[in-house]
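*Asks:* Test case, fold it:
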Amino acid sequence: IRRLKDVRIMTSPVWFVASALLALLGSAGGQLNMFEGLLRMYRGQGLPFRENKFVGNLPILSEYDFIVVGAGAAGCVVTNRLTEVPEWKVLLLEAGVDDSFFTDVPIFNTYLWWTEHNWLYQTERQKGACLGLEGKTCPWPAGKGMGGGTIINALIYTRGNAGDYDKWAALGNPGWGYTDVLPYFLKSEKVAIPWLQKSPYHGHSGNLNVDYPSYSTPLRDAFMEAGREVGYDFIDYHDPATPIGFSPIQATMYKGRRNGASRTFLHPIKDRKNFHVATQAHVSKVLIDPRSKRAYGVEFIKNGRKRVVLARKEVILSAGAFNSPQLMMLSGIGPRDHLTQMGIPVMADLPVGNNLQEHISMAGLTFLVNKGVGLIVSRLLGNATAFTYDYLNNGKGPFTMLGCEALGYIRTKYANSSSYPDIEYIFVPGSLALDSGSSLRKTMEITDEVYNAVWKDVGGKDAWTVWPMLLYPKSKGFVRLASTNPMKPPKIIA
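*Replies:* Below is the predicted model:
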């Protein structure tokens, strides 16, 4: 289909949406733009599901009190809070586009890696890493758009162990201990899980909706029971008294839809007069006074044109683990040797970009099951109309799945602490070959050789998988500039 006008209109909007929606599962991310265009055609045809687009892009002023760079998880929250003061004018600059209906559908989180909502970053090639992936480099998803990583992640709401925050405080960061940050988690959250309604570790009136997905497979219950049989309790993993155990995933969702940071923290304030936002605005440099070392504005590129906007009070960088250090180094803040090598005047010699960390995992612990209860694409395709109707009308059904269903936190003999876990199990009611190798493994750039050796025989079959995740890996990397061109990706050594 090349043009929307070439599409033959079908009589049932639900059938039509189902067909377009599930075409993606069997093919590629190139279907996304077609899907969204076709869905818009039917949005006025009586479907009860309505999209509440974020309205912004007012004319940009020459000066604001605060400029926030990046509309991800942090940028959306800080913008919400700053604009509570009506006298402060706040500009939010985001390099990506708005979130959409498609980013709201939980089950498609991994497929969004193929779209404009991902920066498509790759690690640098190394001798001992990413050897089973195409080009021997790892794709590193990073959210791009209103909501940042919260529009392409798996919706898993887990704050981390209380001991992690206490470590931050002990290292010389007062105010970052667990008891210091807990009130802010409570302020943010609105938990809908019935048995947690009286928990002192969950909020009940915040913006961020947290719930169990409305749909689960019997395999989730089997995973939970397996944990119990080997001595692990059913827990609330946000209760610091129970850091070890198994739990269904607590998800950032509401009535079956993703609660990304933009929808959660920006949509409710879109009519504030002191709030402006510009999408597709790529910040290229922070303007810094060389004498006072104070940031007084930014340069950004929009529609191919470089513009300057000034800040009376502060410039706040919330552009993520890769783009924030890249932008700082482009602005002269970073390791002196590297900046000098790149021909950038040094404003401050600081170890910007160092200590890059990420959890390490492998998706190969996969086993076949003898009942048709798992997550496989052929089953979704076979029930497309019913599943789509259930999702659009009720916010229920398989499309509300996250792709993973439960977590297990365990402590091994190799743990550095006797009080909190070092391994996280992520339970998936299927395999990496749930689509018979057509799309998902290509998203992760797994080579044919590795796929055929590990997953080919389970392709399209009912299975279950555990991803063992190292919570405290010893390996650390860093981010550096690959170019002084701000439109080029940074160099990621992981």
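*Asks:* Name the nearest residue to Val377, ignoring sequence neighbours.
*Replies:* Asp435 (4.2 Å; Cβ to Cβ, 6 or more residues apart in numbering). (C-beta placed from N, C-alpha, C; glycine too.)
*Asks:* how near is that neighbour to Ile376?
*Replies:* Remark: distance between Asp435 and Ile376 (Cβ to Cβ, to the nearest Å) = 8 Å.
*Asks:* joint contacts of the two?
*Replies:* Common neighbours of Asp435 and Ile376 are listed as Gly460 (criterion: Cβ atoms under 8 Å, 6 or more residues apart in numbering).
*Asks:* Verify the stated contact: Trp168 with Gly175.
*Replies:* No. Between Trp168 and Gly175 no contact is recorded; they are 9.4 Å apart, counting by Cβ atoms under 8 Å.
*Asks:* Those two - which one has more neighbours?
*Replies:* Set Trp168 next to Gly175 and count neighbours by other Cβ atoms under 10 Å: Trp168 wins out with 17 against 8.
*Asks:* what about stretch 65-85, start to end distance?
*Replies:* 11 Å (Cα to Cα, to the nearest Å).
*Asks:* And the helices in the stretch 201-350 of the chain, which stretches?
*Replies:* With DSSP state H, counting those that start in this stretch, the ranges of helices along the stretch 201-350 of the chain come out as 218-229, 261, 320-330, 336-341.
*Asks:* winner for burial among the ones you listed?
*Replies:* Among the helices of the stretch 201-350 of the chain, helix 261 has the highest mean neighbour count (mean count of other Cβ atoms under 10 Å), at a mean of 27.
*Asks:* which other helices and strands contact that helix?
*Replies:* helix 73-82 (3 or more Cβ pairs under 8 Å, 6 or more residues apart in numbering; DSSP states H and E).
*Asks:* elements contacting the helix it packs on?
*Replies:* Counting by 3+ Cβ pairs under 8 Å, 6+ apart, the packing neighbours recorded for helix 73-82 are strand 63-69, strand 90-93, helix 261.
*Asks:* closest one to Gly132 among the ones you listed?
*Replies:* Nearest to Gly132 among these is helix 261; the distance by Cβ to Cβ comes to 32.6 Å.
*Asks:* Would you reformat the helices of the stretch 201-350 of the chain as CSV and include mean pLDDT and distance to Tyr414?
*Replies:* Listed next are these as CSV, based on pLDDT from 0 to 100; distance: least, Cβ to Cβ, whole Å:
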stretch, mean pLDDT, distance to Tyr414
helix 218-229, 97, 20
helix 261, 97, 35
helix 320-330, 99, 26
helix 336-341, 99, 35
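*Asks:* Indicate which one of these is closest to Tyr121.
*Replies:* Between the helices of the stretch 201-350 of the chain, helix 320-330 lies closest to Tyr121; by Cβ to Cβ that is 6.1 Å.
*Asks:* quick one: contacts of the closest one?
*Replies:* With contacts defined as Cβ under 8 Å, 6+ apart, helix 320-330 is touched by 69-70, 72, 95, 119, 121, 140, 142-143, 148-149, 283-286, 317-319, 334, 338-339, 342, 344, 352-353, 356, 479-481, 484, 486, 489-490, 492.
*Asks:* just the angle between that helix and helix 73-82, please?
*Replies:* Put simply, helix 320-330 runs at 80 degrees to helix 73-82, going by axes from the mean of the first three to the mean of the last three Cα atoms, to 10 degrees.
*Asks:* Roughly how far does Ala281 sit from Pro429?
*Replies:* Distance, Ala281 to Pro429, by Cβ to Cβ: 40 Å.
*Asks:* oh sorry, the question was meant for Ile376
*Replies:* Using Cβ to Cβ, Ile376 is found at 9 Å from Pro429.
*Asks:* Remind me which helix or strand the residue nearest to Val377 belongs to.
*Replies:* Secondary structure assignment for Asp435, by DSSP states H and E: no helix or strand.
*Asks:* Neighbours of it, how many?
*Replies:* 25.
*Asks:* Isn't it up against Trp455?
*Replies:* No. Taking contacts as Cβ under 8 Å, Asp435 lies outside contact range of Trp455: 10.8 Å.
*Asks:* Could you chop the chain up by domain?
*Replies:* Domain assignment for the chain by automatic domain parsing gives 4-43, 52-156+254-357, 212-250+359-472.
*Asks:* where does this protein have its least confident helix or strand?
*Replies:* The weakest-scoring helix or strand in the chain, judged by mean pLDDT, DSSP states H and E, is helix 31-43 (a mean of 43).
*Asks:* what about Cys130, neighbour count?
*Replies:* 18.
*Asks:* go on, Leu171?
*Replies:* 8.
*Asks:* Let me see the ranges of the strands in the stretch 201-350 of the chain.
*Replies:* 208-210, 245-248, 253-254, 257-258, 275-278, 282-288, 295-302, 305-317, 333-334, 348-349 (DSSP state E, counting those that start in this stretch).
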